[in-house]
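**Student:** I'll drop the sequence and a predicted model, then ask my questions.
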Amino acid sequence: MSKRETPKKLELASIPFKIEAAAGDGLPRFNLVAYTGGQIKPAGWWDGVVVDLAGIDIQSQQMPIRFAHRGDWMNGVGHTENVSVSNGQLVAAGVVSRDTVTAREVVKAAMNGFPWQASIGGDVLEVEYLAENQTAQVNGVNIAGPMDIVRKLRLYEISIVDLGADPRTTVNIAAEHGSQEGEVIRMSADTNNNAATAGDQTPAPVAVTSVPAATPVVDPGVAQIRASQAAETTRIGNVRRICAGRHVEIEARAIAEGWDADKTELEVMRASRPKVAPVAGSGEVNLSPRVLECAIAQAVRLPSTEKDFDAATLQAAHSRFKGRIGLQELLLEAAAANGYSGRSFRQDPRAVLHAAFSSRDIAGVLSNIVNKSLLAGWISVEMAWREVAAIGSVSDFKEIASYRLTAASQYKQVAPDGEIKHGSLGDLTYSNKADTYGLMLSVTRQDMINDDLNALSNIPRMLGRGGALKVNDVFWTEFLDNAAFFTSGNANYITGATAGDTTESRLAIDGLTRAERTLMDQTDTEGKPLGIRPEILLVPTRLKVPAMQLYNSTEIRNTTASTKEPTGNPHAGMFRPVVSSYLGNATYTGHSTLAWYLLANPADLATIEVVFLNGQESPTVESADADFNVLGIQFRGYHDFGVRLQEYRAGVKAKGEA
């Protein structure tokens, strides 16, 4: 069960409405059944809704009676005098106390036989979502999900409408003048299908006849006028029934321009799909791609949602979808925005897919969501390689060359005449090359039938994680296969396990001291110092704790009582530890759980380099409607990068054993 932070307006156009003449004051009185306790599908509630009668908060016995939930004074009808829950229904009684054109029209149309219905308006304070295959008992009846159950509703008004959502609806109205007290004319919304259920206390219809004193002679012209007016009344009634109080502008235009029922229904269908439910205090909000994207992010619970969207977009998405947009609903929304008129995904899944993906909007929405999910998967994988490698960019897939550091690049003294001498880049070069790696996955037909929106986030996350794992795999394969790179001949490889400054390669004070001196003693091609300093201590997981102790501890004590030696740690805070699980993994050539590396800052001089095509460091994921022989949505992830060992003088490898 979830509690709403911001109440949502609920309008349930559904219910019986009865008006009869009042005793003594000449005003019509009414009684109505405001809600019968069953399932209905008001606008904005995708799976339908049932209101728990036990949770309805009746704020006052005197509530306004409006027309079609319109709050302006011109659409006032009257007020209630009694509102209660009785016999499993919400009932009310009151008086048509407003003297407005709308109030007079309501009474007059009812006398003419128009089947008015009633609708309740309220703030949803608590809602429970009943998932598919779950059941619950509400209002004494077992119901099955998927469905929303409004457990708490603050009732604030009742409206008269043309067409309700609850089929068990009737209206009873008595004439203000010309009828006896208590005489009732009863109109039924559907006299064949809308019979009252057991316990319904609504009175049975009463036929009303009037006996004229004499049979009038009707002028043919008057008869024609009456027939025309009757046809117009029927047309307007059909327009209002179709618009159902939810499409005011369409209703007004349809009445003014003489639209028939078919044209009105078409316009309502077009207008109903791209709109979201009203957001309190902000009017209607367009179901923009941005709102749709936010709704998906809320549904799949992306961790960056609150930061990626502004407050208005977050509220609009929450109000429309309540954090539960489904995959089918997403595709239907996208298809409808592009002209698709179907109401069900299962009716024609392929048509929905093609309609959805014929618009740039859904492609953009999916692209944004999948890239956010991809990034989450990308950063979930170890990134130790970024701390030890130089990062470069290439513009194509050709082999590239960059020059090594040589003495020829050293500055020359400027002669008295001011001439700056030409230097040379030398003939030693590094090389690298980007290649493409990729994978394709699909949201299948089964995912769609199961309405599994999480597939939209899980698959890109898997592609992001897969891309990161591939970079690691290529990087550490290259780095660890270094038998010809770290050698005694290159003066960048030390071995030995005997304690002592010259024979120690284990990760301890002596071994680290030896590695530091070895790196700092490296020279250029002319035998001059390179002038670089070690900064990074790269270790396997087995050596993480010793590495952290050497970096953080200010002293290290020897536990042998007979041995006297200094306790200070000369390397405290000097060489930043970087730990990788790949170094000791047995599937890689050159692995070791004892070997470790002391490296220069890769921005100064790099032992290894990673290049990305056009600087794109994370994978690219694209989505599209699947091929003709596959019903689904395809995602492809690809990544263009290359890895090469570079400058052997930028690091030292310690074997860590004899």
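**Tutor:** Noted; the coordinates are in hand.
**Student:** please count neighbours and contacts with C-alpha atoms only from this point.
**Tutor:** Will do.
**Student:** against which helices or strands is the helix ranked longest in the chain packed?
**Tutor:** Under DSSP state H, the helix in the chain containing the largest number of residues is helix 455-480. Counting by 3 or more Cα pairs under 8 Å, 6 or more residues apart in numbering; DSSP states H and E, the packing neighbours recorded for helix 455-480 are helix 360-378, helix 384-388, strand 435-444, strand 632-645.
**Student:** lowest-confidence stretch among the ones you listed?
**Tutor:** Comparing mean pLDDT across those, the weakest is helix 360-378, with a mean of 65.
**Student:** quick check: mean pLDDT of whatever helix or strand residue 232 lives in?
**Tutor:** Residue 232 is part of helix 220-243, with elements assigned from DSSP states H and E. Averaging pLDDT along helix 220-243 gives 74.
**Student:** quick check: buried residues in the following helix or strand past that helix?
**Tutor:** On the C-terminal side of helix 220-243, the closest following helix or strand by DSSP H and E is helix 248-257. For helix 248-257, burial by neighbour count (16 or more other Cα atoms under 10 Å) applies to 250-251, 254-255.
**Student:** ok, stretch 514-524 next?
**Tutor:** Neighbour-count burial for stretch 514-524 flags 514-516, 518-523 (criterion: 16+ other Cα under 10 Å).
**Student:** pLDDT check: weakest of these?
**Tutor:** In terms of pLDDT, residue 523 ranks lowest among the buried residues of stretch 514-524, with 89.
**Student:** pairing partners for it in the sheet, please.
**Tutor:** Beta-bridge partners for residue 523, by DSSP bridges, are residue 529.
**Student:** gap between it and residue 230?
**Tutor:** Residue 523 is 105 Å from residue 230, where distance means Cα to Cα, to the nearest Å.
**Student:** kindly report the same for residue 518.
**Tutor:** 104 Å.
**Student:** could you do residue 83 as well?
**Tutor:** The span separating residue 83 from residue 230 equals 35 Å under the rule Cα to Cα.
**Student:** quick one: which of those two has more around it?
**Tutor:** For residue 83 and residue 230, the more surrounded residue by other Cα atoms under 10 Å is residue 83, and the numbers stand at 21 against 13.
**Student:** just say helix, strand or coil for the more buried one.
**Tutor:** Residue 83 falls in the strand class when you classify it by DSSP: H, G, I helix; E, B strand; the rest coil.
**Student:** confidence score at the closest residue to it other than its chain neighbours?
**Tutor:** Distances taken as Cα to Cα, 6 or more residues apart in numbering put residue 92 closest to residue 83, at 4.3 Å, once the chain neighbours are dropped. At residue 92, the pLDDT value in this model is 86.
**Student:** residue 92 belongs to a helix?
**Tutor:** No. Read with three-state DSSP, residue 92 is strand and lies in no helix.
**Student:** my guess is it contacts residue 29, does it?
**Tutor:** No. Taking Cα atoms under 8 Å as the definition, residue 92 is not a contact partner of residue 29, at 11.1 Å.
**Student:** rewinding a little: between strand 632-645 and the longest helix of the chain, find me the angle.
**Tutor:** Angular relation of helix 455-480 and strand 632-645 on a 0 to 180 degree scale: 20 degrees, by axes from the mean of the first three to the mean of the last three Cα atoms, to 10 degrees.
**Student:** chain center to helix 455-480, what's the gap?
**Tutor:** Shown here is helix 455-480, whose average C-alpha point lies 24 Å from the average C-alpha point of the whole chain (Cα atoms, centre = their mean, to the nearest Å).
**Student:** and after that helix, which helix or strand comes next?
**Tutor:** With DSSP H and E setting the assignment, the helix or strand that follows helix 455-480 is strand 493-494.
**Student:** direction included, what does that next one pair against?
**Tutor:** When pairing is defined by DSSP bridges, strand 493-494 lines up against strand 651-654 (parallel).
**Student:** what does the strand it pairs with rub up against?
**Tutor:** Contacts to strand 651-654, defined as Cα atoms under 8 Å, 6 or more residues apart in numbering, come from residues 486, 492-495, 505-506, 515, 518-519, 534, 595-600, 607.
**Student:** domains of the protein: list them as residue ranges, please.
**Tutor:** Listed by automatic domain parsing, the domain ranges of the chain are 2-190, 450-557+568-609+639-658.
**Student:** now distance to residue 242 too, for those, in CSV please.
**Tutor:** Below are these laid out as CSV (distance: least, Cα to Cα, whole Å):
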stretch, distance to residue 242
domain 2-190, 7
domain 450-557+568-609+639-658, 30
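**Student:** ok, of those domains, where does mean pLDDT dip lowest?
**Tutor:** Averaged per stretch, pLDDT over those is lowest on domain 2-190, reaching a mean of 72.
**Student:** buried sites along the helix or strand where residue 105 lies?
**Tutor:** Under the criterion of DSSP H and E, residue 105 resides in helix 101-111. By neighbour count, and taking 16+ other Cα under 10 Å as the criterion, the buried residues in helix 101-111 are 102-103, 106-111.
**Student:** likewise stretch 68-82?
**Tutor:** The neighbour-count criterion (16+ other Cα under 10 Å) identifies 68-69, 75-80 as the buried residues of stretch 68-82.
**Student:** over to stretch 230-248?
**Tutor:** When neighbours are counted by 16+ other Cα under 10 Å, the buried residues of stretch 230-248 are found to be 235-246.
**Student:** and for stretch 573-589?
**Tutor:** 573, 575-580, 582-584, 588-589.
**Student:** and if you look at stretch 122-140?
**Tutor:** The neighbour-count criterion (16+ other Cα under 10 Å) identifies 122-130, 138-139 as the buried residues of stretch 122-140.
**Student:** tell me how far the ends of it are from each other?
**Tutor:** The straight-line separation of the ends of stretch 122-140 (Cα to Cα) is 22 Å.
**Student:** how far does it sit from the chain's center?
**Tutor:** How far stretch 122-140 lies from its chain's middle: 23 Å, per Cα atoms, centre = their mean.
**Student:** can you check stretch 637-646 too?
**Tutor:** Using Cα atoms, centre = their mean, we find the averaged C-alpha position of stretch 637-646 to lie 32 Å away from the chain's own average C-alpha position.
**Student:** export that stretch to PDB, keeping only CA atoms.
**Tutor:** Extracted in PDB, the C-alpha atoms of stretch 637-646 (Å, rounded to 0.1, in the frame of the first residue of the first chain):
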ATOM      1  CA  GLY A 637      25.400  -1.600 -27.700                       C
ATOM      2  CA  TYR A 638      28.700  -0.900 -29.300                       C
ATOM      3  CA  HIS A 639      32.000   0.600 -28.100                       C
ATOM      4  CA  ASP A 640      35.100   1.800 -30.100                       C
ATOM      5  CA  PHE A 641      38.300   1.700 -28.200                       C
ATOM      6  CA  GLY A 642      41.900   0.300 -28.200                       C
ATOM      7  CA  VAL A 643      44.500  -0.500 -25.500                       C
ATOM      8  CA  ARG A 644      48.300  -0.700 -25.900                       C
ATOM      9  CA  LEU A 645      51.300  -0.800 -23.500                       C
ATOM     10  CA  GLN A 646      53.400   2.400 -24.000                       C
END
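**Student:** and the contacts of it?
**Tutor:** Residues from elsewhere that reach stretch 637-646 (Cα under 8 Å, 6+ apart): 430-440, 463-464, 467, 474-475, 478-479, 606-613, 616, 618-622.
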